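Undergrad: Output the structure for:
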Amino acid sequence: MWDFLEDILVMIIFETERMIIRQVTESDKISMLKFHNEPATMKFISDGKSVWTQDELNVKLNQNEKLYPSGFGIYCIINKKTKEVMGEASVFNSFDNFKHPEIGYIISERFWNQGYGTEVVNGLIHFCKDRLNSERIIARMYSENKFSIRICHNVGMKLIENKELEDGRVRLCFEETYNFTRNSY
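TA: Numbers count the residues shown, from 1 in each chain. Prediction:
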């Protein structure tokens, strides 16, 4: 009974044509563990960690809940048709400036090459602009993450930084500013 009520009461952040992006529920956490343990899916996430326990993931997601009132946090990506958890979409205050959020996403490799990444990034951009009144939106990724780079280009984000990190990897930084009517989600 509680899971049913929880699913009704959870806040939807935004919807796209094929996805619902909403707050994470307790039942989502079990499904989210699956893609957090897919090496290909997690390869380009900042620390590349692809072996998670349910307790570790719960700590990460429970710390996240306090961010929801501000619009920031990690959200669950749900397939509208199948109701399946596909991944997570994130809005972070990485630069201590609520007007300049960083966006990110993790989509299970089972859903790659189907346009979901572009759809969720467009949705995140519009959410930040329309609901958070953002002036500048940032997306960062490693240079070997060719799919995310292509998505940033496809949604009109501009490359503003190409930085070599201490570990020798190169991190790219893309931004979107003021041109929010070009793409729709």
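Undergrad: Would you map the helices across the protein?
TA: 2-9, 26-36, 39-42, 54-64, 116-130, 146-154 (DSSP state H).
Undergrad: can you put those helices in CSV and add mean neighbour count, mean pLDDT and distance to residue 171?
TA: All C-beta spots, glycine's among them, are computed from the backbone N, C-alpha and C. Formatted as CSV, those follow (neighbours: other Cβ atoms under 10 Å; pLDDT from 0 to 100; distance: least, Cβ to Cβ, whole Å):
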stretch, mean neighbour count, mean pLDDT, distance to residue 171
helix 2-9, 10, 50, 37
helix 26-36, 18, 93, 21
helix 39-42, 16, 92, 16
helix 54-64, 14, 91, 21
helix 116-130, 22, 96, 17
helix 146-154, 16, 95, 11
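Undergrad: Relative to residue 162, which of those helices is closest?
TA: Checking those against residue 162 by Cβ to Cβ gives helix 146-154 as the closest, at 11.0 Å.
Undergrad: Direction-wise, compare the closest one with helix 116-130 and give the angle.
TA: If you take axes from the mean of the first three to the mean of the last three Cα atoms, to 10 degrees, helix 146-154 sits at 50 degrees to helix 116-130.
Undergrad: packing partners for helix 146-154?
TA: The contact analysis (3 or more Cβ pairs under 8 Å, 6 or more residues apart in numbering; DSSP states H and E) places helix 146-154 against helix 116-130, strand 136-142.
Undergrad: Out of those, flag the one nearest residue 43.
TA: Closest to residue 43 of the helices and strands packed on helix 146-154, according to Cβ to Cβ: strand 136-142, at 8.9 Å.
Undergrad: Can you tell me what sits against that closest one?
TA: Strand 136-142 has contacts (Cβ atoms under 8 Å, 6 or more residues apart in numbering) with 44, 94-95, 99-104, 121, 124-125, 128-129, 148-149, 152, 157, 169-177.
Undergrad: Buried residues in it, which are they?
TA: The neighbour-count check on strand 136-142 (16 or more other Cβ atoms under 10 Å) flags 137, 138, 139, 140, 141, 142 as buried.
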